[in-house]
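Colleague: What would the 3D arrangement of this be:
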Amino acid sequence: MINMGTLMVVFFMSATIPFLVIIFFRPCKNRSKYAADKLTSTTNALYGNLLLRYILEAGLDISVSIALQVYYSDLNGGLFNSNEAFFMLNSIMTIILGPVVLLAIFCYGIFYLCTFSQWTDETYDERFGAVFEGLRKDTRLSLLYPVIFLLRRALFSVVAIYTQELLILQIASLFFFSSVQIVFLILVEPFTEPLLQKMEIFNEICTLALVYVMVCFTDANKALWLTENYYDFAFMAGMAINLLVHVYFLLKNSFFEIKDTIKAKCFKQKAQGSQ
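Modeller: Here you go, the predicted structure:
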């Protein structure tokens, strides 16, 4: 509960707010088209997209929290402690979220492979399309991206918590996961936007570069005590470069979107004025 922090609040909000919206709009759906549309879109989101996207985005945080809960369960009176309300709630969320993340890795694959013919359907997209945001829908191989995305986070969470004394193993697992992801991105090209495709590869390359810097902090570096500060700066520089590149493209895309919106409005006003 504590380790997940804000994501736990989001989880409870995601579970309650849609129901409140449905209850509020249901009496009005026959009187207002807006209310009916809102009810339909919220219901569709509640059926699949909301939970699917939450698990995908929060997979790392959930996996780390579950791993910590299991690893330190002996300090909390057992994995499923019901002596206090807080520990009981903690145990309940472990029972709910733990299997959800593990099953999601396999269920995503099974469910979406079985419904491949419906991927481009508009109704299907409203209910279950959140997993494919930005991905190509003309090949089943695109499905590997969210599966790898979840799997690498779940596995790394276990490695990070249960091999705390083996830093080199943690670094090696990071290197392996990033390398696999780069090969997948280059061979499959799962994204519809070329820029997004390049940015994902860039992110993984930055991760590999930072992994090499992290190796310099291990016992393999016999001169660590002389050059530790340089590696600190190198690591921070790598993070800063990655962040600045993302900010640059974010601002650039936002600028062109605003520019196109203004042009479209001006064109519309001229067309109305000429009529």
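
Colleague: only C-alpha atoms for contact and neighbour calcs from this point on.
Modeller: Will do.

Colleague: ok, longest helix in the protein?
Modeller: Taking DSSP state H as the criterion, the chain has its longest helix at helix 224-274.

Colleague: Packing partners of it?
Modeller: helix 194-215 (3 or more Cα pairs under 8 Å, 6 or more residues apart in numbering; DSSP states H and E).

Colleague: what comes up buried for the helix or strand of the chain at the bottom of the mean pLDDT ranking?
Modeller: Sorting the helices and strands of the chain by mean pLDDT, DSSP states H and E puts helix 33-44 at the bottom, at a mean of 71. Of all the residues in helix 33-44, those buried under the rule 16 or more other Cα atoms under 10 Å are 35-36, 38-44.

Colleague: what's downstream of that helix, the next helix or strand?
Modeller: Per DSSP states H and E, helix 33-44 leads on to helix 50-71 as the next helix or strand towards the C-terminus.

Colleague: Pull out the buried residues from that next one.
Modeller: So for helix 50-71, counting by 16+ other Cα under 10 Å, buried means 50-56, 58-69.

Colleague: where does this structure dip in pLDDT?
Modeller: For the chain, the stretches with pLDDT under 70 are 28-30, 35, 45-47, 76, 82, 224-225, 227-228, 273-275.

Colleague: Can you name every helix or strand that the least confident helix or strand of the chain contacts?
Modeller: Counting contacts by 3+ Cα pairs under 8 Å, 6+ apart, helix 33-44 is packed against helix 6-25, helix 122-128.

Colleague: relative to helix 6-25, how tilted is it?
Modeller: Taking axes from the mean of the first three to the mean of the last three Cα atoms, to 10 degrees, one finds helix 33-44 and helix 6-25 inclined to each other by 140 degrees.

Colleague: so helix 33-44 versus helix 50-71, what angle?
Modeller: Interaxial angle, helix 33-44 versus helix 50-71 (the same axes, to 10 degrees): 40 degrees.

Colleague: Tell me which residue is most central in the protein.
Modeller: Geometric centre of the chain, nearest residue: E57, 2.4 Å, by Cα atoms, centre = their mean.

Colleague: give the contact list for that one.
Modeller: With contacts defined as Cα atoms under 8 Å, 6 or more residues apart in numbering, E57 has no neighbours.

Colleague: quick revisit: what separates the longest helix of the chain from the chain centre, distance-wise?
Modeller: Mean-position distance between helix 224-274 and its chain equals 20 Å (Cα atoms, centre = their mean, to the nearest Å).

Colleague: next one: phi and psi at F191?
Modeller: In this entry, F191 is assigned phi and psi values of phi -90, psi 150 (degrees, to the nearest 10).

Colleague: Equivalent analysis for T192, please.
Modeller: Reported as degrees, to the nearest 10, the phi and psi values for T192 are phi -80, psi -30.

Colleague: Isn't it up against E133?
Modeller: No: contact criterion Cα atoms under 8 Å: T192 and E133 do not qualify, at 9.5 Å.

Colleague: who touches stretch 25-41?
Modeller: Contacts of stretch 25-41 (Cα under 8 Å, 6+ apart): 21-22, 126.

Colleague: swap that for stretch 140-149, sorry
Modeller: Stretch 140-149 is contacted by residues 56, 105-106, 108-109, 112-113, 116, 131-132, 135-136, 181, 188, 190-191 when judged by Cα under 8 Å, 6+ apart.

Colleague: Contacts only, for L20.
Modeller: Per Cα under 8 Å, 6+ apart, neighbours of L20: none.

Colleague: Now do it against R26, distance only.
Modeller: Distance of L20 to R26, computed by Cα to Cα, to the nearest Å: 10 Å.

Colleague: now C266
Modeller: According to Cα to Cα, C266 stands 39 Å off from R26.

Colleague: Who has more neighbours out of these two?
Modeller: Using other Cα atoms under 10 Å, the more surrounded residue of C266 and R26 is R26, with 16 against 12.

Colleague: that older thread, please name whichever of the helices and strands packed on helix 33-44 is nearest to E204.
Modeller: With Cα to Cα as the measure, helix 6-25 is the member of the helices and strands packed on helix 33-44 nearest E204 (24.8 Å).

Colleague: Pick the most buried one from the helices and strands packed on helix 33-44.
Modeller: Neighbour counts (mean count of other Cα atoms under 10 Å) averaged over each of those peak at helix 122-128, with a mean of 16.
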